[in-house]
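Q: Predicted structure and sequence below. I'll ask about it afterward.
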Amino acid sequence: MEELRRATITDVAELAGVHAGTASRALNARTRGMVSAETVDRVVRAAKQLGYVPNALARGLRTKSSMTIGVVIPDITNPFFPPVVRGIEAHLQPNGYSALIANTDGFDAGERGALSSLLDRRVDGLIVASGQREESSLAELHQAGVKVVLLNRDAGPVPYPLVTGNDASGITAAVESLYELGHRHLLHIAGPMNISTSSARSAAFEAACRSFDGLIGTVVTADALSIEAGRSAMLSVLGDRSHGITGVIASTDLIAVGVLRAMKQVGVDCPRDMSVVGFNDVQFAEDFCPPLSTVRVPTTAMGVRAAQLLLDALSGADQTAETIMLPVTLMMRGSTAPAPR
């Protein structure tokens, strides 16, 4: 029975060789700055060794905090977001916080409703990945002093910090790789332009195409970040078989899957007739047929970094409108090949 007893803060303090109050401050994001970095490290290691789980309810009563963070995402079915949420929770849980997830379905009204619902539940702060740039509620939250960190997508001029992948770097690498494979007419299937990642990737594609001699770049905008929207956009291009396009770069992997479906539907072989590159490297992208070449985004690391920034702000750190871009990696797989002669 002794082995099953839940570890207490006193147990952690004894193992770390510090007072219980010091251990408590070291494990609380709000008070961690009062303790030396060496002591924090020692206490955290002791807590992990003992499997210590902070009592969020008791701490909340002491600090008048709910010890919860609201996480707003645009589409819970999009495979991009589960590893992001996992990263958020990986940082929140050791610090005694839990996450409440809200889905917006990609609409302004959905974002407003999600934010209102989470604030009604007294969350301490918000991580927002919905990225609505028009009629966003975030400006009101900023004026009200609510702590928010934006994730993956910005929200226009609202001066909150943003954690994202380097979209321009990923698109540029994809264009360069296809150019080196002999492709001279590329197509970019962009997402809706009211989404910051879509507009950034589209602009990067056009800029990259201009930088290579003899390279033509065409942009077509999909109605949504979905498989069906990607299929529909690609079919509109394939209706004109004289286009000469040999390579496609999709704004997301879901759009890329739609592109592959459209090509299969009209008998265009990938990669023999046309190469395809996605963006995000969602789970199972390597298992597609053919395996999808794509830009890998560090989704879990983005979630961790966003949670770190938010807990720092809740601890009293100043929030600025900084943009933190994490590096991305081009993963070349079976959906890309030399341009057909």
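A: That came through fine. Just so it is clear, the model here is predicted, and its values are computed rather than measured.
Q: hang on, isn't His142 packed against Val158?
A: Yes: using Cβ atoms under 8 Å as the test, His142 is close enough to Val158 to be in contact (5.6 Å). Heads up, the C-betas are built off the backbone N, CA and C, glycines and all.
Q: Any idea how far stretch 21-34 is from the middle of the chain?
A: 29 Å (Cα atoms, centre = their mean, to the nearest Å).
Q: ditto for stretch 331-341
A: 27 Å.
Q: tell me which residues in that stretch are buried?
A: Neighbour-count burial for stretch 331-341 flags 331-337, 339 (criterion: 16 or more other Cβ atoms under 10 Å).
Q: could I get the residues you listed as TSV with secondary structure?
A: Formatted as TSV, the buried residues of stretch 331-341 follow (DSSP: H, G, I helix; E, B strand; the rest coil):
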residue	secondary structure
Met331	strand
Met332	coil
Arg333	coil
Gly334	coil
Ser335	coil
Thr336	coil
Ala337	coil
Ala339	coil
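Q: So which residues of the stretch 1-150 of the chain form helices?
A: 9-16, 20-26, 37-50, 56-63, 81-92, 108-120, 138-143 (DSSP state H, counting those that start in this stretch).
Q: how about those helices, which one is nearest Pro271?
A: helix 81-92 (27.0 Å; Cβ to Cβ).
Q: where are the low-confidence patches of the stretch 101-250 of the chain?
A: 106-109, 131-136, 240-242 (pLDDT under 70).
Q: make it 80
A: Scanning the stretch 101-250 of the chain for pLDDT under 80 picks out 106-112, 131-137, 155-157, 239-243.
Q: about what we covered before: least reliable of the helices of the stretch 1-150 of the chain going by mean pLDDT?
A: Lowest mean pLDDT of the helices of the stretch 1-150 of the chain: helix 56-63, a mean of 51.
Q: Name the residue closest to the centre of this protein, please.
A: Closest to where the C-alpha atoms of the chain average out (Cα atoms, centre = their mean) is Asn152, at 4.4 Å.
Q: could you list every residue that touches that one?
A: By Cβ atoms under 8 Å, 6 or more residues apart in numbering, the residues touching Asn152 are 80, 84, 129, 131, 163-165, 197, 302.
Q: and those residues, which of them are in strands?
A: Among those, the ones falling in strands (DSSP state E) are 163-165.
Q: Among the residues you listed, which one has the most neighbours?
A: Within the ones in strands among the contacts of Asn152, neighbour counts (other Cβ atoms under 10 Å) peak at Val163, which reaches 27 neighbours.
Q: what's that one in contact with, if anything?
A: Contacts were defined as Cβ under 8 Å, 6+ apart; by that measure Val163 touches 149-152, 302, 305-306, 309, 324, 326.
Q: List buried residues within those residues.
A: Neighbour counting over the contacts of Val163 (16+ other Cβ under 10 Å) leaves 149-152, 302, 305-306, 309 as the buried ones.
Q: Pull the most distant pair out of those.
A: Asn152 and Leu309 (13.5 Å).
Q: Run a quick neighbour tally on the closest residue to Gly87 other than its chain neighbours.
A: Once flanking residues are discounted, Gly87 sits nearest to Gly303: 2.5 Å by Cβ to Cβ, 6 or more residues apart in numbering. Gly303 is flanked by 29 other residues according to other Cβ under 10 Å.
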